[in-house]
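Chemist: predicted model, plus sequence, below.
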Amino acid sequence: MTEVTIDTSISTDPSRRARLAEFWFYFSENRGAVIGLVFFLFLVVLALAAPLVAPHDPTIQFRQSVLLPPFWQEGGRLEFLLGTDAVGRDMLSRLIYGTRFSLFVGVIVTTLSLTGGILVGVVAGYFRGWVDTFIMRIMDIILAFPSLLLALVLVAVLGPGLTNAMIAIALVFQPHFVRLTRAAVMAEKTRDYVVAAKVAGAGHLRLMFKTILPNCMAPLIVQATLSFSSAILDAAALGFLGMGAQPPTPEWGTMLAEAREFILRAWWVVTLPGLAILLTVLAINLMGDGLRDALDPKLKRS
Amino acid sequence: MKKLTTLFAATALATLMAGSAWSKTFVYCSEGSPEGFDPGLYTAGTTFDAAAHTVYNRLLEFKKGTTETEPGLAESWTISDDGLEYTFKLRPGVKFQTTEFFTPTRDLNADDVIFSLERQWKPDHPWHGYVSGASWEYFSGMGMPDLIEAIEKVDDMTVKIKLKRKEAPFLANLAMPFASIMSKEYADKLEADGKMNQLNQMPLGTGPFAFVGYQQDAVIRYKAHPDYWDGKQKIDDLVFSITTDAAVRYQKLKAGECHLMPYPNAADVESMKADPNLKVMEQAGLNVAYLAYNTTQAPFDKVEVRKALNKAINKQAIVDAVFQGQATPATNPIPPTMWSYNDNIEDDTYEPEVAKKMLEDAGVTNLSMKVWAMPVARPYMLNARRAAELMQADFAKIGVNVEIVTYEWAEYLEKSKDKNRDGAVILGWTGDNGDPDNFLDTLLGCDAVGGNNRAQWCNQEFDDLVTKAKEASSVEERTKLYEDAQVVFKREAPWATLDHSLSIVPMRKNVEGFVQSPLGDFAFDGVDIVE
């Protein structure tokens, strides 16, 4: 890979299309990854089309039909396919709208921590010296706290709510990206092509972001997918602890928390949001696995 | 061979003795750890159950299952004609518990009573600040420091308490857990040994059960007090098994690991009733849950606005969704089981259209407000967030936009007292002494603004009635005044009264003699296990 990027940072190897074909070849080798991807795309469509797909408004309370079971159980009604919750809201509609929040949280948190992590990480890895020491010690301090606990403290300080929960989780995820970027940058920095670019007169910024960074992206992409699922999980956990999304937002973790007391009496209010979280996170993790297979040169068969 | 026979005989004897020494152990799955074992220092019911109702007695006690008082450690008392002097005659021959850590040498006398009350009252008393941050919350919360003029020892068995003004609920106050009577002899010894803290960790009193040991967050053990003045208890050992999760408590009860549990999940009550091994006691609780508007802030300073919002709340829906029906919608600020409850008051009916019209007439449009939801379950409100969500939907129907906010419990209580608080607060109250004063004055009086009066509501007419009722001596006169106060309350609507909950106590079938307290206490004197 290094040989082909010797003179410029923009790779001139096989055309974009061919690279994509290669990527897909390795990605589709992993059947789990493909299933994960399909399910993920399904969720994205569901989230985008939520108002069209959902049978009811997720916040409307049908006071006459509280805690109805799913339609196949005795007492269930076709009107409410997956039953209703403790205040009579349609479970199916809430789950569908919940995808919006979960994916939204994933996207925002990953974007925030990825951009922040790359910026800080590249600076640390490129300049080294006291800048590096300073940045990495701060990251070590953040890493020293259990991530969920730190997120909880941050949300407690900032005040509960989905936005603050996202900020807190993004901050907690930051060190992973910083470390990864820094390590990759340090490894690349000594390569010949970088030295060549430097000799050719490239400035610091160009070296950092145009020459080195594109060659560090593979592990970052994999880490990003994994963070995506962890972000969803952490947001659900915060919601479960009452610190995340506030009512009547149909966020899965919040739904789970509200339903706790019915675990013996009405299984569907507890099980369904839990299943939704499980399936989403599983699908994204499988997808991340496939991405790693496709992007990591060490795993490629020649 | 001979050796073997001896051994055999010894074993047989040991078995026999063990059999005859079989003791009855009662296990109570309590809902939390006590804050300490000195009931004067704390306000939580959990602490009172663990300390006040087991180890200690008071001068007067609440008659089991009622809010009426009966003689406790005071055998009789007289009140002077001006209502300012109370003379208590102590019960003779009351023995303190003998435990591993202390052996008392004398019976209860006037010194113990004076010690127990004075330490909470006099700031220069050596025991006033014996634990750091001791605030004697109840004693000061009930206004005792300003009320008591003097506590005097008349003779060894007689104590006289002089008051500065007439106060009708005073006797009932003395039956409350904070007025538990401690042993001065024990306290003196701890003081001499320099171990004053131990009073709050290893309690010793005259009560039905003697303290044996406490393992933090796990278990508290007691044994029956053999020389208890009212006779030894039928059970020999009492164990508090601390189990914070209601679902786990239920599982333990089902498995027979405990005999009785407090505060079940409302959703589990149906299946508890169906279980042949369990029985469930129900009683109207002495409590109220409310939504307190901040009446000092616009537009909630207008009666019409508060009335309109009250009319928009569907209380029945809250009772159904939060309590699964185990509560009744509330009309008055005091529960229906309390004397002086005014039956003639009609509740605000649920009429969203009328409410919407009223809001428009009051000139309020596009109203946005905050509703504070408690983060914890209390007997009067099992799930405040759910109740808040229901109100949110109800208010949306009349065009009022609601944001639900919540804080950590201690912070919630503190922040909600603020006079400039933004938003209406969901909160409630469980009566301490069965007196209407404990609700009407404590929660709505002018003195309580910035404190327990979460509505920040000071109405002169109401306050006059309640203050007059406090000083009136006959129950009939007080009843009349409190009934009038409730009329004023309903007219002015500082709160939306939400519900009075049932208190539900599930227990094993073989438990006998447990009496539910309307005050929400769990006391185990008189309880027995039948096989």
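Modeler: That came through, no problem. As the structure is a prediction and not an experimental result, all values here were calculated from the model.
Chemist: return the residues of the stretch 101-250 of chain B in contact with chain A.
Modeler: With CB under 8 Å from any CB of the partner chain as the criterion, the stretch 101-250 of chain B meets chain A at residues B:246-247. The way it works is simple: take the backbone N, C-alpha and C, and place the C-beta from them, glycine included.
Chemist: wait, isn't residue A:276 in contact with residue A:96?
Modeler: No: in this structure, residue A:276 is not within contact of residue A:96 by CB atoms under 8 Å, at 9.5 Å.
Chemist: for the two, indicate the residue with more neighbours.
Modeler: Here residue A:276 and residue A:96 are compared on neighbour count by other CB atoms under 10 Å in any protein chain shown; more neighbours surround residue A:96, at 25 against 21.
Chemist: quick one: pLDDT of the more buried one?
Modeler: Note for residue A:96: predicted pLDDT of 94.
Chemist: before we move on, what about residue A:297?
Modeler: 66.
Chemist: could you do residue B:108 as well?
Modeler: The per-residue pLDDT of residue B:108 was computed as 93.
Chemist: over to the one 5 residues further on?
Modeler: Each residue has a pLDDT score; the one for residue B:113 is 94.
Chemist: repeat for the one 4 residues further on
Modeler: Listed pLDDT for residue B:117 reads 93.
Chemist: swap in residue B:441?
Modeler: Reading off the model, residue B:441 has pLDDT 89.
Chemist: cool, residue A:130 as well?
Modeler: 94.
Chemist: same for the helix or strand harbouring it, what does it pack against?
Modeler: For residue A:130, the element it lies in under DSSP states H and E is helix A:129-144. If you count contacts as 3 or more CB pairs under 8 Å, 6 or more residues apart in numbering or on different chains; DSSP states H and E, helix A:129-144 packs onto helix A:91-127, helix A:162-189.
Chemist: does the helix or strand that that helix is followed by come close to chain B?
Modeler: Later in the chain than helix A:129-144, the nearest helix or strand by DSSP H and E is helix A:147-158. Yes: interface with chain B: helix A:147-158 contributes residue A:156 (CB under 8 Å from any CB).
Chemist: just how off-centre is whatever helix or strand residue B:117 lives in within its chain?
Modeler: Per DSSP H and E, residue B:117 falls inside helix B:110-121. Here helix B:110-121 shows a centroid-to-chain-centroid distance of 22 Å under the convention CA atoms, centre = their mean, to the nearest Å.
Chemist: what does stretch A:178-185 give?
Modeler: 19 Å.
Chemist: give the buried residues for that stretch.
Modeler: Within stretch A:178-185, the residues that count as buried by 16 or more other CB atoms under 10 Å in any protein chain shown are A:178-182, A:184-185.
Chemist: for the residue nearest the centre of chain A, give me its contacts.
Modeler: Nearest residue to the geometric centre of chain A (CA atoms, centre = their mean): residue A:228, 0.9 Å. Residue A:228 makes contacts with A:106-107, A:109-110, A:284, A:288, as judged by CB atoms under 8 Å, 6 or more residues apart in numbering or on different chains.
Chemist: and the nearest residue to residue B:392 once chain neighbours are set aside, its phi and psi?
Modeler: Closest residue to residue B:392 in three dimensions, ignoring its sequence neighbours and counting by CB to CB, 6 or more residues apart in numbering or on different chains: residue B:402, at 4.2 Å. Dihedral pair for residue B:402: phi -120, psi 130, per degrees, to the nearest 10.
Chemist: and residue B:402, bridged to which residues?
Modeler: residue B:369 (DSSP bridges).
Chemist: hang on, it packs against residue B:387?
Modeler: No: Residue B:402 is not in contact with residue B:387 according to CB under 8 Å; the separation is 11.9 Å.
Chemist: who in the stretch 51-200 of chain A is up against chain B?
Modeler: A:59-61, A:63, A:66, A:86-88, A:156, A:160.
Chemist: what is the most widely separated pair among these?
Modeler: Of all pairs drawn from these, the widest gap by CB to CB lies between A:63 and A:156 and measures 33.8 Å.
Chemist: so where's the stretch 151-300 of chain A shaky on pLDDT?
Modeler: A:297-300 (pLDDT under 70).
Chemist: what lies in contact with the helix or strand hosting residue B:390?
Modeler: Element membership of residue B:390 [criterion: DSSP H and E] is helix B:384-397. With contacts defined as CB under 8 Å, 6+ apart, helix B:384-397 is touched by A:59-61, A:86-87, A:242, A:247-248, A:258, B:289, B:291, B:309, B:312-314, B:317-318, B:321-322, B:352, B:356, B:369, B:371-375, B:381, B:401-402, B:404, B:406, B:426, B:498.
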